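**Q** 3D, please:
(chains A and B)
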2 protein chains.
Amino acid sequence: MLARSLRLAALRPSTSSRCPPLVQHAASSSFKRAVTPSASFSTSGHASRSQSSRMTTIASTAAAVLGAVALYTSLSPRHVSPLECEAAKPTPASAIKGGNQSDLPEISHLDPKLLTDTSAPMRKRMETYVKLLQYNIVSALSREEPKARFLIDSWLRKEGGEGISCVLQDGSTFEKAGVNISVVHGMLPPAAVKQMSANHAGLMDKTGYKLEGKDADVKGLPFYAAGLSLVVHPKNPFAPTVHFNYRYFELTHPEKLADGSPNPRHPKNCKDGEHDNEPIAWWFGGGTDLTPIYLFDEDAQHFHQTLKSAADQHDASFYPTWKRWCDKYFWIPHRGEARGVGGIFFDDLTLPEWASSNSTKAYIALSDGTKPTPSKPLVPSVSSTKQHNQDSLFATVRSLGDAFLPAYLPLVQKRKGTPFTEAHERWQQIRRGRYVEFNLVYDRGTKFGLQTPGARIESILMSLPLKARWEYMEKYSGGGAQGRDGKATTSADELQAGDEESGAAEKKTQAALRQPKDWA
Amino acid sequence: MLARSLRLAALRPSTSSRCPPLVQHAASSSFKRAVTPSASFSTSGHASRSQSSRMTTIASTAAAVLGAVALYTSLSPRHVSPLECEAAKPTPASAIKGGNQSDLPEISHLDPKLLTDTSAPMRKRMETYVKLLQYNIVSALSREEPKARFLIDSWLRKEGGEGISCVLQDGSTFEKAGVNISVVHGMLPPAAVKQMSANHAGLMDKTGYKLEGKDADVKGLPFYAAGLSLVVHPKNPFAPTVHFNYRYFELTHPEKLADGSPNPRHPKNCKDGEHDNEPIAWWFGGGTDLTPIYLFDEDAQHFHQTLKSAADQHDASFYPTWKRWCDKYFWIPHRGEARGVGGIFFDDLTLPEWASSNSTKAYIALSDGTKPTPSKPLVPSVSSTKQHNQDSLFATVRSLGDAFLPAYLPLVQKRKGTPFTEAHERWQQIRRGRYVEFNLVYDRGTKFGLQTPGARIESILMSLPLKARWEYMEKYSGGGAQGRDGKATTSADELQAGDEESGAAEKKTQAALRQPKDWA
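**A** Model (predicted):
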């Protein structure tokens, strides 16, 4: 109890009547006791580049995990009474007809000016962005689909938040297309914060609260998450599958401490009450990646080049670093092949510990997804080429989100009318099977979603294709016998060799999946 | 170093010229030092019933994990040079034609008398059994299949062992049928033994060796595993899918200690050399379960009754206990439904610690698969109704393996000619999708196999159906929104209610999956 009193005393402002800083600077005197000596916080307002490099890794994985909470687990109609839930079941009345743009998710209440309004809270800006983007994408995909209609499910989450799922299936252009947004908030239990911290030294300390044990300061931390998630599986085997997902996540101060007393770090309980409840931690995550069934080099090049151009506007380090991360993330170790030809992928995109959200510009240590090892717990990272702040990172996310349609739609338009045979469809379903393997066995968002009580399973598994196929010893995909080292049994050269004329296109695609290459 | 010398001294016989007992009795004086004080070993040659109950849980999960090694990971053609490997690729020459039984796996070298020869080592007996059973099953299935042929792959494993995979696909009776055996041995690294021990207090101690650290006694433990694994997905949607798997596993003494010196507990290094290298630990595992697409009560009853009759011959406790375990194991938490209507499932079937393999008869504490919790680390178990020895457990396994054909084949024969529509096929593929979800997300054998370097992926994933389908918000399977607690959003009653006449058969099946019931 003494230890707890000391910590709580430390939480209360001791030297002035002002609130303690709401973005916690660990070394400030009033919080010193809450920080363990081993924590790697800077002792001045600014850190060296190498220090900032350490800071940036704190949130990694956590973002993916919580991105999943935000995007997938939202939704439990199970816990929602009819009065609370706008529509837990599909509402055919609001389904939109192909080509008819009047029947889309409602956006008239949104203010596009927020996107560039740096004085507005990021949560509001991101919410506006994902809703507008969903509208644009659903409109554009609908124009390509004469037969099927998007089913639009709106839902409210009892614990806080809302979402809109737009799913179309069995169309003539699209086998399946899902465009989901969610904007959720609630209380993250200490166990979940701990899970986030497991691979990221410092996050538990960074919060400044003792989160566990009988003398815990708080019962959890409020979180907020907004994101958009999309998967499109076209019907034509020559048109590629695409996936993308962008998300924003933050943790804030709870209003009350564990004993029920007001939390002095929450602005409501602050003497002058002038501060907003700024996040303790925030980050962006996301990515866009392409999965051809039959590879056309020019399609992969167009896709990558469009993403690269969008990223390059903001920082020349982004595309090359996140392209590598994408290749690492979408790898199917047991097959020794990539899910597709990649794109970009990033997570934990935030500012260094010492930089506040809106003012201080900072170089950022960018991860390319290299995993920490016991001997190298902090992975050396690429540095951004420019100084960034939260607004410039949000602008990056918007550019990448906006790049989706120009990167992808031309490929569908070009390929959707190509004649195909049953043999092409068979190969398509074989490749779909690999997609299922990746999503069910490795994808962190899917895995976490499936484990989360109250998750809306239909939204999580909308990423799966309508049809998939598994053939024993399928002849073009190389047998698949290999190990966890990720090296395939059959090399790309071996796949392309052989005296068979048939299967050249299948083998070319398979070979490209075995050895990720540069496309832009 | 001193500690190590003490331990090694303890391993050497001190009071007589005879070898130390090869099945280690923990309390025997010459091994006392190698056992930690917290280990729950009996201090006499016999234990009370409650003590035996603790003992039996030692190997659990480990068996499943290692069953997977044995059955699935065997095989790495990657590590096998052409000279070492009989046939890493399918050998069409040895494929068998439907109805033609002359072209089956070779069994002329096997001696069926071994099955009942209690003087023969169990590894030899089990190997003989799985090979004969594979022959019988492949013969029987072939007689039902006029169109497709089994592909027979024989393989040798560089590290030790062999296997035969018989797979048929795209037939007119069977969409896919795989009947695989493997008989493998090798060295289990300390990390793998530790992984086995994680949930099972005592296994590390039970070995009597220090397995880890700089002063480890040994570099690993020899293992041996033999098993048969089968999955059949019929083409007709009214014929059910079936799966079964029986396996035997043992750990033995290594010939050398970590420092290269002879291990005094290995019979080769024993002064009088009269003992065989009896296992340190051994166990059986297995199960048989049914997955109807359209449920016919009489089919489920016949299947369960046949298994029950086979088990009841040996012990009245077996069927009811293992039926419960089966319902627990084949549960899909994120769907709130079972994979099918169950059958039997067991693991870690061995004798209590104090009973030697062949002589002492013992009551066994049977698990029904209830998972240990921190407050209840040792789950209370059902006791066998009779005394057992290794031979009686092997006889049980044989009866259950032999019961497969009479339990299943009549169902295929009865249903394979039933006319069906595209709508029935659609539902079949939806149910196949759930099968894929279970196998890729939850099945321990599959998960472990996919993670194991050198695994033969085609053999692991032969369990997946040829075709599967995922529809968003599929109308008969209830939406699937639920949580980890395993409770479905839509109750069985709700599913069966509703004013739709159509879909009655689908909804009846779905309802049965939501609430496992007694069939025998």
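**Q** CA only for contacts and neighbour counts going forward, please
**A** Noted.
**Q** if I pick residue A:318, what's in contact with it?
**A** By CA atoms under 8 Å, 6 or more residues apart in numbering or on different chains, the residues touching residue A:318 are A:311, A:312, A:366, A:384.
**Q** pLDDT weak spots in chain A?
**A** Within chain A, the segments meeting pLDDT under 70 span A:1-103, A:195-204, A:271-277, A:354-360, A:378-380, A:478-501.
**Q** Kindly recompute the last result at 80.
**A** Counting by pLDDT under 80, chain A contains low-confidence residues at A:1-103, A:157-159, A:191-207, A:269-278, A:353-361, A:371-381, A:452-455, A:478-502.
**Q** Please identify which two of the contacts of residue A:318 are farthest apart in space.
**A** Farthest pair in the contacts of residue A:318 (CA to CA) is A:312 and A:366. Separation: 14.4 Å.
**Q** The two: which is more packed in?
**A** Set residue A:312 next to residue A:366 and count neighbours by other CA atoms under 10 Å in any protein chain shown: residue A:366 wins out with 24 against 16.
**Q** just the contacts of residue A:318 now: which is nearest chain B?
**A** Chain B has its nearest neighbour among the contacts of residue A:318 in residue A:366, at 29.0 Å by CA to the nearest CA.
**Q** Give the buried residues for stretch A:408-423.
**A** A:408, A:409, A:411, A:412, A:415, A:416 (16 or more other CA atoms under 10 Å in any protein chain shown).
**Q** out of everything not next to it in sequence, what's closest to the first one?
**A** Using CA to CA, 6 or more residues apart in numbering or on different chains and skipping the chain neighbours, the partner closest in space to residue A:408 is residue A:303 (6.4 Å).
**Q** Same check on the fifth one?
**A** If you skip the residues right next to it in sequence, residue A:415 has residue A:239 as its closest partner in space, 5.2 Å away by CA to CA, 6+ apart.
**Q** Equivalent analysis for the fourth one, please.
**A** Using CA to CA, 6+ apart and skipping the chain neighbours, the partner closest in space to residue A:412 is residue A:239 (5.4 Å).
**Q** Isn't the one you found up against residue A:290?
**A** No: under the criterion of CA atoms under 8 Å, residue A:239 makes no contact with residue A:290, lying 10.3 Å away.
**Q** Neighbour count: those two, which is higher?
**A** Neighbours per residue (other CA under 10 Å) separate residue A:239 from residue A:290, with residue A:239 holding more: 29 against 23.
**Q** any idea how far residue A:233 is from that one?
**A** For residue A:239, the distance to residue A:233 (CA to CA, to the nearest Å) stands at 8 Å.
**Q** what's the answer for residue A:130, then?
**A** According to CA to CA, residue A:130 and residue A:233 sit 21 Å apart.
**Q** Chain B contacts on the stretch 101-250 of chain A?
**A** Near chain B, the residues belonging to the stretch 101-250 of chain A are A:167, A:169 when assessed by CA under 8 Å from any CA of the partner chain.
**Q** re earlier: now go through the contacts of residue A:318 and say which are in helices.
**A** Judged by DSSP state H, these include A:311, A:312 as members of helices.
**Q** picking that back up, let's verify the residue nearest to residue A:408: helix, strand, or coil?
**A** Following DSSP: H, G, I helix; E, B strand; the rest coil, the label given to residue A:303 is helix.
**Q** again, but for residue A:158
**A** Here residue A:158 is coil, with the state taken from three-state DSSP.
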